[in-house]
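Enquirer: curious how this folds, go ahead:
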Amino acid sequence: MFLLAWALMLAFLPAPAAAQNRPGAAITQMRLEQSDDGVYLSAAVQFELPSLVEEVLDKGIAIYFVAEAEMYQERWYWTDRKVAQVTRHMRLAYQPLTRRWRLNVSPVPITGAAGFGISLNQNFDSLGDALEAIKRIGRLRMGDAAEIGDDPLHQVTFRFRLDTSQLPRPFQIGVVGQADWNISTERTARLALEKQR
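Expert: Now for the predicted structure:
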């Protein structure tokens with residue numbers, strides 16, 4: 001009798017949160033190009049924004065994403081040598097007065113004294129359009145071709161994450177241990193350098 005009651009109770013409990021069934025972030029594309037003014041990395045990231053994060057955005061609180069890339073020169077006689085490193089910071093915020101989404105993109109963190117001084121600003125009519133711009137990481141400048149070297153293949157590590165350290169302090173405390181705030185992915189690949197025509 002006890003086991004039957006226990007089984008019935010378990011049957012009526014709510015299902016686990018959707019966040020546990022939500023697929024994680026993934027890097028779907030990486031491409032290395034050489035043009036006249038340098039070597040660039042482009043990448044595509046796929047992720048779903050959890051409803052909890054959307055609620056925070058709707059309240060006018062900005063969220064931050066970081067894309068990082070490192071390039072290594074392989075050496076058989078020693079550890080690989082890092083030849084390039086680049087970071088892109090992205091701040092996404094909802095503007096209630098204009099009912100538009102604003103995306104700020106900068107090579108340095110968009111906080112404190114740095115402010116929005118050296119950032120590119122874009123406005124979007126919908127959250128979906130803004131997220132598509134975030135998911136397409138275009139033309140991260142890795143450096144000059146002379147610095148990179150002329151190897152046919154280059155080892156590149158690309159990382160993408162939601163940066164919770166830049167949220168307001170009360171939210172930083174609240175997100176600890178919550179899977180909804182864990183949007184991150186990393187991929188390492190040997191990429192051929194494509195010359196732009």
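Enquirer: spatially nearest residue to residue 32, not counting backbone neighbours?
Expert: residue 191 (4.3 Å; C-beta to C-beta, 6 or more residues apart in numbering). Any C-beta I mention is one placed from the backbone N, CA and C, and that applies to glycine too.
Enquirer: contacting residues for the one you found?
Expert: 30-32, 153-156 (C-beta atoms under 8 Å, 6 or more residues apart in numbering).
Enquirer: quick one: contacts for residue 31?
Expert: Residue 31 touches 41-43, 191, 194, counting by C-beta under 8 Å, 6+ apart.
Enquirer: what do you get if the cut-off is 6 Å, keeping everything else the same?
Expert: Neighbour list for residue 31: residue 42 [criterion: C-beta atoms under 6 Å, 6 or more residues apart in numbering].
Enquirer: so is the residue sitting nearest the centre point of the chain in a helix, a strand, or just coil?
Expert: Centroid check for the chain by C-alpha atoms, centre = their mean gives residue 160 as the closest residue, at 3.3 Å. Taking DSSP: H, G, I helix; E, B strand; the rest coil as the rule, one finds residue 160 in the strand state.
Enquirer: is it true that it touches residue 45?
Expert: Yes. Residue 160 is within contact range of residue 45, at 4.8 Å (criterion: C-beta atoms under 6 Å).
Enquirer: kindly indicate which of the contacts of residue 191 lies nearest residue 86.
Expert: Nearest to residue 86 among the contacts of residue 191, counting by C-beta to C-beta, is residue 156 at 10.6 Å.
Enquirer: and residue 123, bridged to which residues?
Expert: Counting by DSSP bridges, residue 123 is bridged to residue 102.
Enquirer: show the pLDDT at it.
Expert: Looking at residue 123, its pLDDT stands at 95.
Enquirer: with the one 5 residues further on instead?
Expert: Note for residue 128: predicted pLDDT of 95.
Enquirer: where does it fall, secondary structure wise?
Expert: According to DSSP states H and E, residue 128 maps onto helix 127-135.
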